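Undergrad: pasting the structure only:
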């Protein structure tokens with residue numbers, strides 16, 4: 001284009017006219033410039049011929065002080081008239097493209113390198129996106145002309161520039177060194193084709209990462225599902241089972257496909273972005289996003305599956321919104337069929353939601369269609385999002401993973417892994433959840449409410465009445481599925497899976513994958529002021545502390561977490577204890593009473609229950625230090641060997657319930673780190689290999705006691721189950737009977753001792769603890785399902801309980817267990 005003085009003059013005039021209107025910016029410029037070697041010739045590569053794109057790139061290069069694409073570049077003694085070329089050649093006189101040949105500039109440069117006329121040359125792929133600054137988008141009309149996969153003509157390009165020119169972004173990719181390609185000794189012709197192939201793949205992946213994969217029409221996608229081998233077999237089975245025609249079974253499969261499939265439209269995504277921008281600004285005072293750079297890195301060339309924690313209905317809206325704002329494709333989202341409500345369901349479906357029934361049981365045809373739909377999404381490279389917890393957590397803690405979607409993903413990957421799969425955990429931490437009132441009722445025992453379209457008006461009303469603070473979105477460490485399988489089943493690549501084969505190891509691997517995802521989610525926890533204040537006050541007997549004491553406790557928690565960080569992906573709030581108190585008080589979550597001696601902060605009845613939710617968000621972070629602190633409630637001194645012995649005995653159950661990140665092999669080193677932190681903060685004193693607690697009357701002992709109480713209710717539940725099991729005897733109780741007895745005992749103790757924590761008698765927690773005892777080999781089941789336990793269980797449990805539980809609680813549990821045993825004998 002710039003070979004003649006006349007064309008250069010025309011280009012200069014075009015650029016000046018264009019920039020009377022166009023405003024552009026470069027994405028990730030610093031990351032690109034670090035990899036650029038300015039001592040070597042540089043060529044810029046654009047995907048398609050476009051004078052406007054070239055003008056934007058030329059301007060961005062001028063602003064950044066980079067070599068300009070429209071100026072000549074020397075390749076040894078050879079002078080190229082311009083430092084750019086198009087991957088797709090410019091059209092000829094009659095408008096046709098010769099797609100068979102390589103760009104002439106690339107051919108000449110490779111030839112010069114081949115005869116060693118120059119040491120090396122760099123080619124830099126550049127992408128220009130019009131209308132890709134969602135943070136400044138203001139008009140739904142403009143959404144119609146933003147970049148997409150559709151083929152666009154010059155008229156549409158002109159309209160796009162006029163409407164979207166002030167929202168243009170340029171992305172320079174890492175330089176490709178042509179010398180490295182030639183070094184593979186494949187010959188000049190093959191090297192040219194290889195360079196073109198690399199560039200084509202790069203541009204396709206780049207565009208998919210920014211605006212999403214090329215979406216086929218929904219009708220065609222759904223029709224294609226019934227031709228999948230699993231669905232065909234399920235259709236034939238349905239014909240045989242229900243005695244119906246093939247046409248009727250196919251029609252039913254199509255109805256299932258239409259019920260499930262999203263109607264993903266980019267116009268709807270951008271419209272939702274406008275609405276949500278207003279909503280977030282009204283609802284939150286800030287959205288803090290951390291560690292998203294790692295997601296950008298893995299988005300290219302991977303099938304990305306986002307696995308957020310599930311605390312609120314707005315989790316998926318928030319995540320899609322943030323991904324879009326950060327130049328990543330909003331995912332297809334698995335949503336419960338209960339959300340397919342009038343109006344709302346259609347909008348969610350167009351925003352990427354696909355709907356699934358709560359259970360697939362007894363409907364193999366529906367199961368096959370759903371599995372095939374997900375396999376289609378995975379194999380075509382669509383990012384997908386689903387919640388491994390299944391439903392929303394009403395207690396604030398990480399729920400046990402529901403592995404159904406993980407199992408479907410694993411089977412799809414084993415069946416056909418066109419793209420490597422990576423799971424991206426996303427922790428979403430709220431200072432006040434939108435459904436707080438609903439959760440409060442459910443925590444107090446109310447039945448779960450069915451979702452309704454009228455809930456929207458309740459949300460709008462809540463925005464006006466309450467302050468919701470900030471929300472944190474932390475992206476955790478990605479989990480690459482192939483690497484996970486390499487560790488779990490080294491020979492998985494050599495097995496032939498077909499379409500129906502499910503290897504014996506798949507269920508166990510899926511369960512471990514669920515645990516890994518949950519651990520990575522908890523690793524990315526965002527500790528906020530509400531979490532810490534709730535943790536501190538709920539650890540007191542009266543749910544109250546004077547101002548100075550509360551400041552000391554909060555400062556201690558912050559100091560410990562900074563000294564022994566939970567993980568590189570976890571985040572802490574800014575400020576000291578006094579600042580955290582002022583902030584939580586401003587959100588009406590903390591009550592205050594003044595007297596002549598100063599201020600007392602306390603939790604009223606309403607907030608005391610609600611604060612258990614926010615405390616539970618971060619309980620896993622404090623579980624291990626709280627366990628160590630609890631050892632010193634009944635013992636004034638303990639050796640390191642004793643501490644490690646008791647920690648090793650109890651840690652597997654804490655880790656299983658709370659998804660704590662450290663493996664058992666890492667435990668000893670982590671315990672030493674925490675003990676060193678305790679010594680530095682004055683909570684313990686060390687003499688050789690012995691740790692000594694402060695005097696019971698000291699301020700440090702009070703702080704140590706409050707820290708220990710963070711985990712005491714969890715340890716009480718453990719002790720209840722072992723006490724009931726021990727008193728019942730061998731092969732008397734089944735797992736279900738033990739679980740029910742534990743719930744009854746917990747409810748009784750919560751009344752007797754005023755435990756204001758509704759999740760204390762959560763049946764699922766006891767169920768999981770009993771299962772962990774079975775997994776650890778402490779319990780066994782006979783053929784009738786009755787439980788027997790290790791002969792030393794009673795002694796070990798009693799010894800540990802004396803270390804970590806107050807005598808009053810321990811004796812009360814024993815008394816209730818004995819009474820139950822006596823009642824059982826009398827009934828017998």
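TA: Structure received. On a predicted model such as this, the values are computed, not experimentally measured, just so you know.

Undergrad: so what's the residue count around residue 567?
TA: 18 (other Cβ atoms under 10 Å). (C-beta placed from N, C-alpha, C; glycine too.)

Undergrad: contacting residues for the closest residue to it other than its chain neighbours?
TA: Spatially, and ignoring its direct neighbours in sequence, residue 567 is nearest to residue 523 (4.0 Å; Cβ to Cβ, 6 or more residues apart in numbering). Contacts here follow Cβ atoms under 8 Å, 6 or more residues apart in numbering; on that basis residue 523 touches 425, 476-477, 566-567, 569-570, 661.

Undergrad: in strands, which of those residues appear?
TA: Of those, the ones assigned to strands by DSSP state E are residue 425.

Undergrad: and the contacts of residue 523, which are buried?
TA: Buried by 16 or more other Cβ atoms under 10 Å: 425, 476-477, 566-567, 569-570, 661, out of the contacts of residue 523.

Undergrad: tell me which two of those residues sit farthest apart.
TA: Across the buried ones among the contacts of residue 523, the longest distance by Cβ to Cβ is 14.2 Å; it joins 425 and 566.

Undergrad: contact partners of the longest helix along the chain?
TA: Identified as the longest helix of the chain according to DSSP state H is helix 188-211. The contact list for helix 188-211, computed with Cβ under 8 Å, 6+ apart, reads 45, 47, 87, 102, 106-107, 110-111, 114, 123, 125, 127, 129, 132, 146-149, 171, 173, 176, 178, 181-182, 184, 186, 214, 266, 296, 299-301, 327-329, 381.

Undergrad: and that helix, what's its mean pLDDT?
TA: What helix 188-211 shows for mean pLDDT is 81.

Undergrad: what of stretch 516-535?
TA: 97.

Undergrad: give me the helices and strands touching the helix or strand just after the longest helix of the chain, please.
TA: Moving toward the C-terminus from helix 188-211, the next helix or strand (DSSP states H and E) is helix 218-225. Taking 3 or more Cβ pairs under 8 Å, 6 or more residues apart in numbering; DSSP states H and E as contact, the helices and strands that helix 218-225 lies on are helix 246-260, helix 364-379.

Undergrad: winner for burial among these?
TA: Each of the helices and strands packed on helix 218-225 was scored by mean neighbour count; the highest is helix 364-379, a mean of 22, by mean count of other Cβ atoms under 10 Å.

Undergrad: neighbouring strands of the very next helix or strand once past that one in the sheet, and parallel or not?
TA: As assigned by DSSP H and E, the chain's next helix or strand after helix 364-379 is strand 384-385. Neighbouring strands of strand 384-385 in its sheet, by DSSP bridges, are strand 303-308 (parallel), strand 332-336 (parallel).

Undergrad: neighbours of the closest residue to residue 772 other than its chain neighbours, how many?
TA: Spatially, and ignoring its direct neighbours in sequence, residue 772 is nearest to residue 656 (4.4 Å; Cβ to Cβ, 6+ apart). By other Cβ under 10 Å, the residues close to residue 656 number 18.

Undergrad: quick check, residue 656 in a helix?
TA: Yes. Assessed with DSSP: H, G, I helix; E, B strand; the rest coil, residue 656 lies in a helix.

Undergrad: find the residue at the geometric middle of this structure.
TA: Central residue of the chain (Cα atoms, centre = their mean): residue 426, 1.8 Å from the mean position.

Undergrad: how far away is that residue from residue 276?
TA: Distance from residue 426 to residue 276, counting by Cβ to Cβ, to the nearest Å: 17 Å.

Undergrad: shaky segments in the stretch 301-450 of the chain?
TA: Scanning the stretch 301-450 of the chain for pLDDT under 70 picks out 439-450.

Undergrad: please enumerate the helices of it.
TA: Secondary structure of the stretch 301-450 of the chain (DSSP state H, counting those that start in this stretch): helices located at 315-325, 344-350, 364-379, 404-415, 436-443.

Undergrad: what packs against the second one?
TA: With contacts taken as 3+ Cβ pairs under 8 Å, 6+ apart, helix 344-350 sits against helix 266-283, strand 353-356.

Undergrad: report the buried residues of that helix.
TA: Buried-residue list, helix 344-350, by 16+ other Cβ under 10 Å: 344-345, 348-350.

Undergrad: just stretch 197-205 next, same as before
TA: The neighbour-count check on stretch 197-205 (16+ other Cβ under 10 Å) flags 199, 202-203, 205 as buried.

Undergrad: list the buried ones in the strand or helix carrying residue 676?
TA: Counting by DSSP H and E, the element that carries residue 676 is helix 667-680. By neighbour count on 16+ other Cβ under 10 Å, the buried set for helix 667-680 is 667, 670-671, 674-675, 677-678.

Undergrad: and the next helix or strand after that helix, average pLDDT?
TA: Per DSSP H and E, helix 667-680 leads on to strand 685-687 as the next helix or strand towards the C-terminus. Average pLDDT, strand 685-687: 95.

Undergrad: what does stretch 540-554 give?
TA: Per-residue scores along stretch 540-554 average to 94.

Undergrad: before we move on, what about stretch 759-773?
TA: In this model, stretch 759-773 has a mean pLDDT of 84.

Undergrad: and stretch 5-24, how far out from the chain middle?
TA: Between the centre of stretch 5-24 and the centre of its chain there are 44 Å (Cα atoms, centre = their mean, to the nearest Å).

Undergrad: and residue 604, how many neighbours?
TA: Using other Cβ under 10 Å, residue 604 has 12 neighbouring residues.

Undergrad: my guess is it contacts residue 590, does it?
TA: No. Using Cβ atoms under 8 Å, residue 604 makes no contact with residue 590, being 9.2 Å away.

Undergrad: where does the stretch 701-828 of the chain dip in pLDDT?
TA: Applying pLDDT under 70 to the stretch 701-828 of the chain flags residues 753-758, 819-828.

Undergrad: where do the strands of it begin and end?
TA: In the stretch 701-828 of the chain, the strands defined using DSSP state E, counting those that start in this stretch lie at 779-781, 787-789.

Undergrad: can you list the ones you listed in TSV and add mean neighbour count and distance to residue 418?
TA: As requested, these are exported to TSV (neighbours: other Cβ atoms under 10 Å; distance: least, Cβ to Cβ, whole Å):
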stretch	mean neighbour count	distance to residue 418
strand 779-781	16	43
strand 787-789	19	47
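
Undergrad: who wins for proximity to residue 736 among the ones you listed?
TA: strand 787-789 (10.2 Å).

Undergrad: for the closest one, name the packing helices and strands.
TA: Packing partners of strand 787-789 (3+ Cβ pairs under 8 Å, 6+ apart): helix 712-728, strand 779-781.

Undergrad: how about stretch 682-701: buried residues?
TA: Under the neighbour-count criterion of 16+ other Cβ under 10 Å, stretch 682-701 has 683-684, 691, 693-694, 700-701 buried.

Undergrad: with distance to residue 82 added, can I get those in CSV?
TA: What follows is the buried residues of stretch 682-701, written out as CSV (distance: Cβ to Cβ, whole Å):
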residue, distance to residue 82
683, 69
684, 71
691, 72
693, 76
694, 76
700, 73
701, 76
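
Undergrad: now, which of these sits nearest residue 306?
TA: residue 683 (39.4 Å).

Undergrad: excluding covalently adjacent residues, which one is nearest to that closest one?
TA: Distances taken as Cβ to Cβ, 6+ apart put residue 704 closest to residue 683, at 4.8 Å, once the chain neighbours are dropped.

Undergrad: for residue 679, see how far away that neighbour is.
TA: Distance, residue 704 to residue 679, using Cβ to Cβ: 12 Å.

Undergrad: go on, residue 608?
TA: Relative to residue 679, residue 608 is positioned 33 Å away (Cβ to Cβ).

Undergrad: cool, residue 418 as well?
TA: Note on residue 418: its distance to residue 679, by Cβ to Cβ, is 54 Å.

Undergrad: can you check residue 388 too?
TA: Note on residue 388: its distance to residue 679, by Cβ to Cβ, is 38 Å.

Undergrad: taking the buried residues of stretch 197-205 together, which two end up most distant?
TA: Maximum pairwise distance among the buried residues of stretch 197-205 (Cβ to Cβ): 10.8 Å, between 199 and 205.
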